[in-house]
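J.: would you be able to build a 3D model of this:
(2 chains)
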2 protein chains.
Amino acid sequence: MLSSLALSLRLGVSAAGRRSIATVVSGSKTSRLVRDRLKQEVDQMKNLFSGFRPALVVLQVGDRDDSNLYISSKLKAAAEIGIDARHVRLPRSATQDEVLRSIMAVNEDSSVHGLIVQLPLDSAHPMDSELVTNAVSPEKDVDGLSCINAGKLSRGDLGSCFIPCTPNGCMELIRQTGVSVAGKHAVVIGRSKIVGAPMHDLLLWSHATVTTCHSKTPDLPQQVGRADILVVGAGRAEMVRGEWLKEGGVVIDCGINYVTDERRPSGKRVVGDVHYASANQRAGFITPVPGGVGPMTVAMLMENTVQSAQRFLLRDQART
Amino acid sequence: MLSSLALSLRLGVSAAGRRSIATVVSGSKTSRLVRDRLKQEVDQMKNLFSGFRPALVVLQVGDRDDSNLYISSKLKAAAEIGIDARHVRLPRSATQDEVLRSIMAVNEDSSVHGLIVQLPLDSAHPMDSELVTNAVSPEKDVDGLSCINAGKLSRGDLGSCFIPCTPNGCMELIRQTGVSVAGKHAVVIGRSKIVGAPMHDLLLWSHATVTTCHSKTPDLPQQVGRADILVVGAGRAEMVRGEWLKEGGVVIDCGINYVTDERRPSGKRVVGDVHYASANQRAGFITPVPGGVGPMTVAMLMENTVQSAQRFLLRDQART
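T.: Residues are numbered from 1 along each chain as shown, chains lettered A, B, ... in the order given. The predicted model follows:
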């Protein structure tokens, strides 16, 4: 796959003076590759450790439609790979103490290697989602959202932490382009806990010079224009225009926005934070929406779960 | 003080075409202001809570000359302010377990509000300084170096964490200039746990657009040239040249480097990471070395200790 990407790049470069169209970096294909590799790793673990399976708990409070959809895609991916995924549902009437007790029970269950709390919490009671997120044991926090994992990532201790799934998926897509990150100028738009902030950390500790932009950045087009690698997690439909981009750069679009489209039976369609039609005239590589970053998020959750199971196995081995 | 700074700035601007000399941002003066304020706060606490005093433990392993010097300046500042500072010394023969046990004892001592472990650990035994740093209770980690505090800072939860002292001091110096950070382009050189990485976080969550540069940045002069606010924690003597700077910007120099100087009786002198003589011809504001960031570090340690004591008092009050 890499060689065909490299070839497209070379063709683009040779057509000097004429704008080439960006190489599409497919998250659907890349996530397939990741999931196939994980399936093999899980099979190996099963063979080596008599039937051992990585286990993941997805804890849900309430019954939001969007959460149900996300959880079902996680459970499906886990089943395919051979991960034992358990869906623990608490009713909307559950109190924060009940949620915390459920988390503690999973923390203490040595047969479980990963625990994620599906956000937002859909409860009739007030919930401190920071407190709930940080109740997950750092050793099982495969979403990588606890303070301890964030602290390690932000300070460059990547070997011993879990990396949040969406930015981890973005890095995998950047690797697929064959463009090396070290020494490049990377620009991240957004500073959220799940996308922008950890993305900054990953690019920085891959030795890029990193600029973080956000809603208070007055000269966004100029900042974007300097990006060899651009990752957008702004949450605003088609905000980044093609004409802002540095020619030939890598553009990773984390946006998932629904816009009105009368031509569709549903009356809407999904677009990213990047204006794709103009951006793919200027970028060297670009991720589509849908089919770009989205599928990678679930794949990287599976990756973290398998990694966690491997760490637990290694610790057990070290003890015996 | 601010009005005279503002006046200097205006004079600089009016002398169009001619280079003005930067306003010196004095850490010696600013740290004096901080320590005077803290002394008043401690006096108030004593009056309100019958003799209550914030207490700080400085844990030292071994007997390094530089550590002895740093610790003595911390103890002196604490005594002036009215903080009860206790110096706990362990011999070079102390094992990691003994160090950890000492930390646990201080964690459990409710009369202590702040605990710092003087680094580097000077022990005859192997020491995992990450493990030791993270053994300090996050509620007493007034150096702000534990993963939990780093995680909160990096993700924007500044209200509930301790901010590392050197970058916190830099922010105080930036405030002294009267230049507002929000919407500015800030550049940080360095990504260390104690300076660069937390400095990035503080500037970002003060709503600057932040670029982090480091040893792998290929175009450092160009990056520096875009900085409205530049903070340098590179550890390389006089690396940043005046001609790189954006005219009128704020330059904060965290460097402490010793260079040979035959004219001095000691044969050496201390310089920053910025070439001061050329930089003060171009910057709007600049910190000197010595007398800039250095004195702020100790002042902000005192600030964190007083803040911690206040938090403990508030928690005690809430319980009664």
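J.: quick check: A:Lys246 is in a helix.
T.: No. Counting by DSSP: H, G, I helix; E, B strand; the rest coil, A:Lys246 is not part of a helix but coil.
J.: what number of residues lie near it?
T.: Look at A:Lys246: counted by other C-beta atoms under 10 Å in any protein chain shown, it has 19 neighbours. Where C-beta positions appear, they are placed from N, C-alpha and C, glycine not excepted.
J.: pretty sure A:Glu172 contacts A:Met296?
T.: Yes. Between A:Glu172 and A:Met296 there is a contact at 6.1 Å, judged by C-beta atoms under 8 Å.
J.: those two: who's more crowded?
T.: Higher neighbour count among A:Glu172 and A:Met296: A:Met296, with 27 against 20, using other C-beta under 10 Å.
J.: can I get stretch A:282-300 as CSV, trimmed to CA atoms?
T.: Below are the C-alpha coordinates for stretch A:282-300, written out as CSV (Å, rounded to 0.1, in the frame of the first residue of the first chain):
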residue,chain,number,x,y,z
ARG,A,282,-3.9,21.5,-2.7
ALA,A,283,-3.0,18.9,-0.1
GLY,A,284,-0.6,16.1,-0.7
PHE,A,285,-2.6,13.6,1.4
ILE,A,286,-6.1,14.0,2.8
THR,A,287,-8.5,11.9,4.9
PRO,A,288,-12.1,11.7,3.7
VAL,A,289,-15.2,12.2,5.9
PRO,A,290,-16.7,9.7,6.4
GLY,A,291,-14.2,6.9,6.1
GLY,A,292,-11.2,8.7,7.4
VAL,A,293,-10.4,9.2,11.1
GLY,A,294,-13.8,7.8,12.2
PRO,A,295,-13.1,4.1,11.6
MET,A,296,-9.7,4.5,13.2
THR,A,297,-11.1,5.5,16.6
VAL,A,298,-12.7,2.1,17.2
ALA,A,299,-9.7,0.2,15.8
MET,A,300,-7.3,2.0,18.2
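J.: give me the common contacts of A:Glu172 and A:Met296.
T.: Common contact partners of A:Glu172 and A:Met296 (C-beta atoms under 8 Å, 6 or more residues apart in numbering or on different chains): A:30, A:34.
J.: helix or strand: which one has the residue nearest the centre of chain A?
T.: Geometric centre of chain A, nearest residue: A:Thr166, 1.2 Å, by C-alpha atoms, centre = their mean. Per DSSP states H and E, A:Thr166 falls inside helix A:165-177.
J.: next one: A:Ile103
T.: Assessed by DSSP H and E, A:Ile103 sits inside helix A:96-108.
J.: which bits of chain A sit near chain B?
T.: By C-beta under 8 Å from any C-beta of the partner chain, the residues of chain A that approach chain B are A:130, A:146-157, A:182-183, A:185, A:191, A:193, A:197, A:201, A:204, A:207-214, A:216-219, A:223.
J.: on that earlier part again, which is the next helix or strand following the helix holding A:Ile103?
T.: Downstream of helix A:96-108, the first helix or strand assigned by DSSP H and E is strand A:114-117.
J.: buried stuff in the following helix or strand past that following strand?
T.: Per DSSP H and E, strand A:114-117 leads on to helix A:129-135 as the next helix or strand towards the C-terminus. By neighbour count on 16 or more other C-beta atoms under 10 Å in any protein chain shown, the buried set for helix A:129-135 is A:130, A:132-135.
J.: pipe the residues you listed into CSV and attach distance to A:Arg236 per row.
T.: Listed next are the buried residues of helix A:129-135 as CSV, based on distance: C-beta to C-beta, whole Å:
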residue, distance to A:Arg236
A:Glu130, 25
A:Val132, 28
A:Thr133, 25
A:Asn134, 29
A:Ala135, 32
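J.: can you list the residues you listed in a markdown table and add pLDDT?
T.: Formatted as a markdown table, the buried residues of helix A:129-135 follow (pLDDT from 0 to 100):
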| residue | pLDDT |
| --- | --- |
| A:Glu130 | 95 |
| A:Val132 | 98 |
| A:Thr133 | 97 |
| A:Asn134 | 97 |
| A:Ala135 | 98 |
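J.: of those, which is the nearest to A:Val270?
T.: Nearest to A:Val270, judged by C-beta to C-beta, of the buried residues of helix A:129-135 is A:Thr133 at 26.8 Å.
J.: need the nearest residue in space to that closest one, chain neighbours excluded.
T.: Spatial nearest neighbour of A:Thr133, excluding adjacent residues (C-beta to C-beta, 6 or more residues apart in numbering or on different chains): A:Leu145 at 5.1 Å.
J.: what number of residues lie near that neighbour?
T.: A:Leu145: 24 surrounding residues under other C-beta under 10 Å.
J.: likewise A:Leu75?
T.: A:Leu75: 17 surrounding residues under other C-beta under 10 Å.
J.: could you say which helix or strand holds it?
T.: Using DSSP H and E, A:Leu75 falls within helix A:65-81.
J.: after the helix or strand hosting A:Val188, next one along is what?
T.: Element membership for A:Val188 (DSSP H and E) is strand A:185-189. Scanning forward in sequence from strand A:185-189 by DSSP H and E, the next helix or strand is helix A:196-205.
J.: what's the mean pLDDT across whatever helix or strand comes next after that next one?
T.: Next along the chain after helix A:196-205, taking DSSP H and E as the criterion, comes strand A:209-213. The predicted model gives strand A:209-213 an average pLDDT of 98.
J.: who does strand A:209-213 pair up with?
T.: Neighbouring strands of strand A:209-213 in its sheet, by DSSP bridges, are strand A:185-189 (parallel), strand B:209-213 (antiparallel).
J.: pick the most deeply packed of those strands.
T.: Ranked by mean neighbour count, the strands paired with strand A:209-213 are led by strand A:185-189 with a mean of 28 (mean count of other C-beta atoms under 10 Å in any protein chain shown).
J.: quick check: mean pLDDT of that one?
T.: Mean predicted lDDT for strand A:185-189 stands at 98.
J.: try stretch A:151-160
T.: Average pLDDT, stretch A:151-160: 96.
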